[in-house]
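Trainee: Here's my sequence, what's the structure:
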Amino acid sequence: AEFADRRPAFGKTGTQQNNWTAFFVGATPELSTAVMVRDPDRYTPMRNVPEFEAAGVSRVQGGTFPARIWGAYMEQIGLEQFEFTDWDRPGPQPREAARLYLPGNECLFDIVGYEPAATVPPDPAAPPAAPTPFRSPHAPPATDPPATDPPATDPAAGTVVPVSLIEWEIVAPNEFTGGTVTFEASNDGEFPHELVLVRGESYETLPLLANGAVDEDAIAPDDFIGRIERFEPGQTMSATWEVPPGNYVLLCNIAVGPNSHAAAGQVLSVTVTA
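Mentor: You can find the predicted model right below:
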């Protein structure tokens, strides 16, 4: 704020879900600078970090450390070498203001066409024609994770556990009866996912790689229960495994470069009872 009080500047903040990443992008008429603050190796929520709280920041957002770093950098970059200028006043609007809706976000309609420009002047004596619709109703997007039913137990068939995989979460009962267990996994997200079941107290206690994925080579064979291989959005897959009583972790162990679905939060600790 102090820098902007002395020199024309603008900026925009940005904060990723769960405070994994925070941004600040700003500029003067001479120079634009972008700042990103995050853990470079994995998705780490930047919340309640003791060192950050000591600086008065309990949640790292774009307007906190990124904005401070941007201001400190711009103070030292030597802008005094440039002539003090401001942006030109914007010209008249070339068209009327309009609002852009993003499909799947808040838009309640699908755009299916556009009205062509008139080629013949309308007859002023003719009654106004009814507008031709170019939109079709669209169901509002769901804002909550899909509900899951409690696991069904049939002594003959065993336990059936419904599982929903979304970004970045696993929605399923966190306690169910062991023995012969069938996992009905549906990919309700927008990316491919898989489902892995391993024995463990929690995701944090499992052997992890640098990108946050579980190191499957370091898990004892008896502790690795099974995997439903990667499947696409909208698909439902199932697998039946023998699951003794104990504590387990359901997770998606897909990894891409320095990131992984598990580190992003797609894990769930479950308790299996006798």
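
Trainee: And what about residue 68, helix, strand or coil?
Mentor: Put simply, residue 68 is helix when judged by DSSP: H, G, I helix; E, B strand; the rest coil.

Trainee: List the contacts of it.
Mentor: Applying C-beta atoms under 8 Å, 6 or more residues apart in numbering to residue 68 gives no contacts. Every residue, glycine included, has its C-beta placed from N, CA and C.

Trainee: Which pLDDT value goes with it?
Mentor: At residue 68, the model reports a pLDDT of 91.

Trainee: Could you check how far it is from residue 37?
Mentor: 10 Å (C-beta to C-beta, to the nearest Å).

Trainee: same question, residue 209
Mentor: In terms of C-beta to C-beta, residue 209 sits 23 Å off from residue 37.

Trainee: Likewise for residue 179?
Mentor: Taking C-beta to C-beta, one finds residue 179 at 48 Å from residue 37.

Trainee: Those two: which is more packed in?
Mentor: When residue 179 and residue 37 are compared for neighbours, residue 37 comes out ahead with 20 against 16, by other C-beta atoms under 10 Å.

Trainee: hang on, isn't the more buried one packed against residue 63?
Mentor: No - using C-beta atoms under 8 Å, residue 37 is not in contact with residue 63, being 11.5 Å away.

Trainee: Need the overlap of contacts for the two.
Mentor: Counting by C-beta under 8 Å, 6+ apart, nothing touches both residue 37 and residue 63.

Trainee: looking at the protein, which helix or strand is least sure?
Mentor: strand 135-137 (a mean of 43; mean pLDDT, DSSP states H and E).

Trainee: Which stretches in the stretch 1-150 of the chain count as strands?
Mentor: 10-15, 21-27, 32-38, 109-111, 135-137 (DSSP state E, counting those that start in this stretch).

Trainee: how far does stretch 29-49 stretch from start to finish?
Mentor: Terminal residues of stretch 29-49 are spaced 36 Å apart (C-alpha to C-alpha, to the nearest Å).

Trainee: scratch that, stretch 14-21
Mentor: Using C-alpha to C-alpha, first and last residues of stretch 14-21 are 8 Å apart.

Trainee: avg pLDDT for that stretch?
Mentor: For stretch 14-21, mean pLDDT rounds to 88.

Trainee: do the same with stretch 173-183
Mentor: The average pLDDT within stretch 173-183 is 93.

Trainee: Mind listing what's buried along it?
Mentor: For stretch 173-183, the neighbour count (16 or more other C-beta atoms under 10 Å) marks 173, 176-183 as buried.

Trainee: go on, stretch 266-274?
Mentor: 266-270, 272.

Trainee: and for stretch 159-170, what are the contacting residues?
Mentor: 17, 43, 145-146, 148-149, 151-154, 171-173, 176-191, 193, 195, 250-252, 261, 264-268.

Trainee: circling back to that earlier point, show me which pair in the buried residues of stretch 173-183 is furthest apart.
Mentor: 173 and 180 (16.2 Å; C-beta to C-beta).

Trainee: Any regions of this structure where pLDDT drops low?
Mentor: Along the chain, segments meeting pLDDT under 70 span 1-5, 97-157.

Trainee: Look up the closest residue to residue 63, ignoring the ones flanking it.
Mentor: Excluding the flanking residues, the one nearest residue 63 by C-beta to C-beta, 6 or more residues apart in numbering is residue 13, at 4.7 Å.

Trainee: Is that neighbour in contact with residue 65, as I believe?
Mentor: No - with contact defined as C-beta under 8 Å, residue 13 does not count as touching residue 65 (11.0 Å).

Trainee: Mutual contacts of the two, please.
Mentor: With C-beta under 8 Å, 6+ apart, residue 13 and residue 65 have common neighbours residue 22.

Trainee: mind listing what residue 216 touches?
Mentor: Here residue 216 is in contact with 196, 224, 253 (criterion: C-beta under 8 Å, 6+ apart).

Trainee: Same check on residue 82?
Mentor: residue 30.

Trainee: Return the backbone torsion pair for it.
Mentor: phi -100, psi 150 (degrees, to the nearest 10).

Trainee: how far away is it from residue 73?
Mentor: 15 Å.

Trainee: likewise residue 25?
Mentor: On the measure of C-beta to C-beta, residue 25 and residue 73 end up 12 Å apart.

Trainee: Having no further points to raise, I will conclude here.
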